[in-house]
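[1] Got a predicted structure plus its sequence, pasted below:
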Amino acid sequence: MMRRTPIAAASEQSALLQRSMWRPLLALAALLAIAWLAYWPGRNGPFLFDDYSNLATLGDYGRIDTWWKVAAFLTSGFAGPTGRPLSLATFLLDARNWPAASEPFKLTNVALHLLNGVLLAGLSAALARALGMARRPAAWAGVLAAGLWLLDPFWVSTTLYVVQRMTMLAATFVFAGLWGYAHGRALLGQGRKRAGYVWMSVSLTLGTLLAVLSKENGALLPLLAWVLEALVFDRNHAALEQGGRAFLAWRWAFIRLPALAVLAYLALYLPGLWTGATAGRDFTPLQRLLTESRIVWTYLGDIWLARTHDGGLFHDDIVLSTGLLQPLSTLFAVLGILALLVFAALSRWARHPVVAAAGAAVGFYLAGQVMESTWLQLELAFEHRNYLPAGLMFFPLALALVRALPNPHPGPPHAWGGSVLTSPTGGGGREDDVASPRPSRWPLWLAIALLALFALQTARRAEVWGKPFQLALVWAHEHPDSPRAQGYLANEWTRVGNNPEAARLLSAALQQHPHSLILLINRAGVACAQGEAPTGLRAALLQAAGHARLTDNVTQYQFGKLLDGMGQCTAFGPDFELRLIDTALRNPQAQDATVRRDLLHRLALRALAHNDVQQAYTLDLQALRLPDLPVGARLRFSVELASAGQQQLALDLLNAVPSPLARIRGWSMAAIHQRWLRHVGFYQHSEAHLRKVLAAEIAAKAPPPAAR
């Protein structure tokens, strides 16, 4: 019998390794298919809340079938300082007009979620390699970590809420940028410096730019890279040895300075912690920071425990932390977060790779929350804020389970991975430590059980999200103290024609929250439908109109709905709409230009309906002279006057107020949008046509000249 030569044996081992690498890829493909099937029941769910405001601009200029309309839509974003044009561009994959069907949007979101799972598998595998694991087990660890994250039911409210594609797309570019950075870092450790610098530089620069254009928290990419650099790649302080001073300079330029710039921007808002400026919220920045310490622990519980509850979008029932001891759980939450920070910092000196991975996951999560879960005056809680920060949440568990598995291919020492973390390179790590085969296969069955549990819970939640009425029932049941949740369910009862049940539900909720404008508005809508208002509702509405936070987007929308319905409502007697508007105009928040313009315009429409055309003109003129005038408001107000037979007043209104396009200031996304509209002449052409029609109608009304 012939003995194999060392070269033949090595070749056989290499071929075996290459063949075995297909198995993690097949496993990942299977997990992607399972995730797709789990989300399938939710594809027919409705658009929700911010979907409407962000997607309605698809119909602002008719069907988007020319490039100028594409550019107009991409610059129309208002969800953040950047306008998030890259996220808006992806909506064009699903529809090019409005209204549109929700299913294509939701399926694209699911596909993007699957893509993020793939990117996360690659990133996790690269990190496992950097922590000393061999190639094949690192691939399995990456697949398992990504699979648990992919199937976690906590992401249903992100994936099936169409507008949160902005969050998902930002995560796409962050994961891709970090994976590219990790690959470049490995090349640097192998001595391939030119390729390493190209990979790292392009990945971080392009990834950050594209992520920010998707959503602003994409700017955290350099900070997250800093966390991975400190806790994974340079945990042995070998950066100088690997890349020399050139690498240290590169690291400052591409990681630390951009990260410090983001932190400096956030620090600009720190004075609010002691000034107590609420910025229109019901809490101060300090109260928010303290409350977030408790909310973060709630997030972590929901991520790890696939509980039967569905969370949802309503979190206005959270009890504020007004001090470290109020409630007492705030103190323990703060101490717990400090302990996590200490653990993450100390994990840099851990010898065991699972401990090191846990430290990296904790540091990554806390760094990912620094923008949305600290002192910026955003709403208190949303589940989608965890989508990016929790990217490495299951990485330590996956690493531990894969390391605990027996070696299916006994042979060379490096076949399954090391047991001690001693990698000096930050690239591939040492692969010559022997991991003893274990006869038990419990880690495999535990991994399968966790994946199955997550998949089943995700499918159950997705099914609920596909049924609007059931979704409203679940949210109201899980958030009995949330006025928004109770109001949302009441709207669903009204939609299906059960006004008595809607009235009962709202009356009960108002016993707990008698001053909630959202509940009062919904109760008024039911009263109008029934033709009878309960005692005290009229006075409560007037009081709320005078004190409500009308600058809040949700409140503004709800109050507008109330006023829209008052025109045909008889339950509150005559002129109640007028009293509501007058009361709201005395609200201190009505000094906001947007709020005041809307209220004045509503008075103008009411005056026009009562044939008081001069008063309508005067009110419209006041509204148009307020700051931050929307581009199309002049034309819309003028058309309304013309439709009432007042062509001369309509023309006078156009002449009295110059177009906002005549003087555009700054280079915000809104200003860029206006400059584009001016460039293509959309409103100029519309105004020229309107003026021509008005002139013709005025001439037609003029008496014929006296016969000579």
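    Noted; the coordinates are in hand.
[2] Now do the contacts for the spatially closest residue to Trp274 that is not a sequence neighbour.
    Nearest in space to Trp274, with sequence neighbours left out and distances taken as Cβ to Cβ, 6 or more residues apart in numbering, is Leu286 at 7.4 Å. Where C-beta positions appear, they are placed from N, C-alpha and C, glycine not excepted. Contacts for Leu286 (Cβ atoms under 8 Å, 6 or more residues apart in numbering) come out as Gly272, Leu273, Trp274, Gly276, Trp375.
[3] neighbours of the fourth one, just the number please.
    By the criterion of other Cβ atoms under 10 Å, Gly276 has 11 neighbours.
[4] doesn't Thr284 make contact with it?
    Yes. Using Cβ atoms under 8 Å, Gly276 makes contact with Thr284 at a distance of 4.5 Å.
[5] before we move on, back to that, so of the contacts of Leu286, which ones are in helices?
    Gly272, Leu273, Trp274 (DSSP state H).
[6] Give me the neighbour count for Arg294.
    23.
[7] sorry, back to before: the residue nearest to Trp274: what secondary structure?
    helix (DSSP: H, G, I helix; E, B strand; the rest coil).
[8] So it versus Val370, what's the distance?
    16 Å (Cβ to Cβ, to the nearest Å).
[9] can you check Ser321 too?
    From Ser321 across to Val370, the span is 18 Å (Cβ to Cβ).
[10] ok so, going back, neighbour-wise, which of the ones in helices among the contacts of Leu286 leads?
    Using other Cβ under 10 Å as the neighbour criterion, Gly272 leads these with 19 neighbours.
[11] Can you get me the centre-to-centre distance for stretch 374-381 and its chain?
    13 Å (Cα atoms, centre = their mean, to the nearest Å).
[12] what about it, start to end distance?
    End-to-end distance for stretch 374-381, by Cα to Cα, to the nearest Å: 11 Å.
[13] low pLDDT regions in the stretch 301-450 of the chain?
    Within the stretch 301-450 of the chain, the segments meeting pLDDT under 70 span 407-439.
[14] May I have the helix or strand Ala139 falls within as CSV, with CA atoms only?
    For Ala139, the enclosing helix or strand under DSSP states H and E is helix 135-151. Below are the C-alpha coordinates for helix 135-151, written out as CSV (Å, rounded to 0.1, in the frame of the first residue of the first chain):
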residue,chain,number,x,y,z
ARG,A,135,-11.6,29.7,9.0
ARG,A,136,-14.3,27.0,8.9
PRO,A,137,-15.6,27.4,12.5
ALA,A,138,-15.4,31.1,12.1
ALA,A,139,-17.8,30.8,9.2
TRP,A,140,-20.1,28.7,11.3
ALA,A,141,-20.0,31.2,14.1
GLY,A,142,-20.8,34.0,11.7
VAL,A,143,-23.7,32.2,10.2
LEU,A,144,-25.2,31.3,13.7
ALA,A,145,-24.7,34.8,15.0
ALA,A,146,-26.3,36.4,12.0
GLY,A,147,-29.1,33.8,11.9
LEU,A,148,-30.1,34.5,15.5
TRP,A,149,-30.1,38.2,14.8
LEU,A,150,-32.0,37.7,11.5
LEU,A,151,-34.8,35.7,13.1
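[15] so after the helix or strand containing Pro500, what's the next helix or strand?
    Counting by DSSP H and E, the element that carries Pro500 is helix 499-512. Later in the chain than helix 499-512, the nearest helix or strand by DSSP H and E is helix 517-530.
[16] Mind checking what secondary structure the spatially closest residue to Gly59 that is not a sequence neighbour has?
    Once flanking residues are discounted, Gly59 sits nearest to Trp98: 3.3 Å by Cβ to Cβ, 6+ apart. Secondary structure, three-state DSSP: Trp98 is coil.
[17] burial count for Trp98?
    14.
[18] same thing with the one 10 residues further on?
    Other residues within reach of Thr108, judged by other Cβ under 10 Å, total 17.
[19] Would you agree Phe395 is in contact with Leu144?
    No. Contact between Phe395 and Leu144 fails when scored by Cβ under 8 Å: they sit 9.1 Å apart.
[20] Would you map the helices across the stretch 551-700 of the chain?
    553-566, 576-585, 593-609, 613-624, 633-643, 647-656, 669-680, 682-701 (DSSP state H, counting those that start in this stretch).
[21] JSON lines please, covering those helices and showing mean neighbour count.
    Listed next are the helices of the stretch 551-700 of the chain as JSON lines, based on neighbours: other Cβ atoms under 10 Å:
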{"stretch": "helix 553-566", "mean neighbour count": "18"}
{"stretch": "helix 576-585", "mean neighbour count": "18"}
{"stretch": "helix 593-609", "mean neighbour count": "19"}
{"stretch": "helix 613-624", "mean neighbour count": "19"}
{"stretch": "helix 633-643", "mean neighbour count": "19"}
{"stretch": "helix 647-656", "mean neighbour count": "19"}
{"stretch": "helix 669-680", "mean neighbour count": "18"}
{"stretch": "helix 682-701", "mean neighbour count": "14"}
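[22] could those helices go into TSV alongside distance to Gly391 and mean pLDDT?
    Compiled in TSV, those are given as follows (distance: least, Cβ to Cβ, whole Å; pLDDT from 0 to 100):
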stretch	distance to Gly391	mean pLDDT
helix 553-566	29	84
helix 576-585	44	92
helix 593-609	37	93
helix 613-624	47	95
helix 633-643	43	94
helix 647-656	53	93
helix 669-680	28	92
helix 682-701	41	90
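[23] Tell me which of these sits nearest to Leu473.
    Among the helices of the stretch 551-700 of the chain, helix 553-566 comes nearest to Leu473, with 20.8 Å by Cβ to Cβ.
[24] For that closest one, which outside residues touch it?
    With Cβ under 8 Å, 6+ apart as the test, helix 553-566 has contacts from 49, 53, 484, 517-518, 521-522, 524-525, 528, 541, 545, 548-550, 572, 576-577, 580-581, 584, 594-595, 598, 602.
[25] that older thread, kindly calculate the angle that the helix holding Pro500 makes with helix 517-530.
    Interaxial angle of helix 499-512 relative to helix 517-530 (axes from the mean of the first three to the mean of the last three Cα atoms, to 10 degrees): 150 degrees.
[26] give the contact list for the closest residue to Gly184 other than its chain neighbours.
    In space, and not counting its chain neighbours, Gly184 is closest to Trp199: 2.9 Å by Cβ to Cβ, 6+ apart. Each residue near Trp199 by Cβ under 8 Å, 6+ apart is listed here: Gly180, Tyr181, His183, Gly184, Leu187.
[27] repeat that with 6 Å
    Listed by Cβ atoms under 6 Å, 6 or more residues apart in numbering, the contact set of Trp199 reads Gly180, His183, Gly184.
[28] Tell me the pLDDT of His547.
    Confidence at His547, expressed as pLDDT, is 88.
[29] what about it, neighbour count?
    So His547, with other Cβ under 10 Å, has 15 neighbours.
[30] could you measure it against Glu687, distance?
    For His547 relative to Glu687 (Cβ to Cβ), the value is 40 Å.
[31] can you check Asp628 too?
    Asp628 is 19 Å from Glu687, by Cβ to Cβ.
[32] what do you get for Ser124?
    With distances taken as Cβ to Cβ, Ser124 is found 56 Å from Glu687.
[33] same check, this time on Val342
    Distance of Val342 to Glu687, given as Cβ to Cβ: 63 Å.
[34] and if you look at Phe382?
    When distance is defined by Cβ to Cβ, Phe382 is 41 Å away from Glu687.
[35] Looking only at stretch 250-258, what residues are buried by neighbour count?
    Trp250, Arg251, Phe254, Ile255, Arg256, Pro258 (16 or more other Cβ atoms under 10 Å).
[36] just stretch 98-113 next, same as before
    Of the residues in stretch 98-113, those with enough neighbours to count as buried (16+ other Cβ under 10 Å) are Ala100, Ser102, Phe105, Lys106, Leu107, Thr108, Asn109, Val110, Leu112, His113.
[37] Among these, name the ones in helices.
    Checking those against DSSP H, those in helices are Phe105, Lys106, Leu107, Thr108, Asn109, Val110, Leu112, His113.
[38] Fine by me, we can end here.
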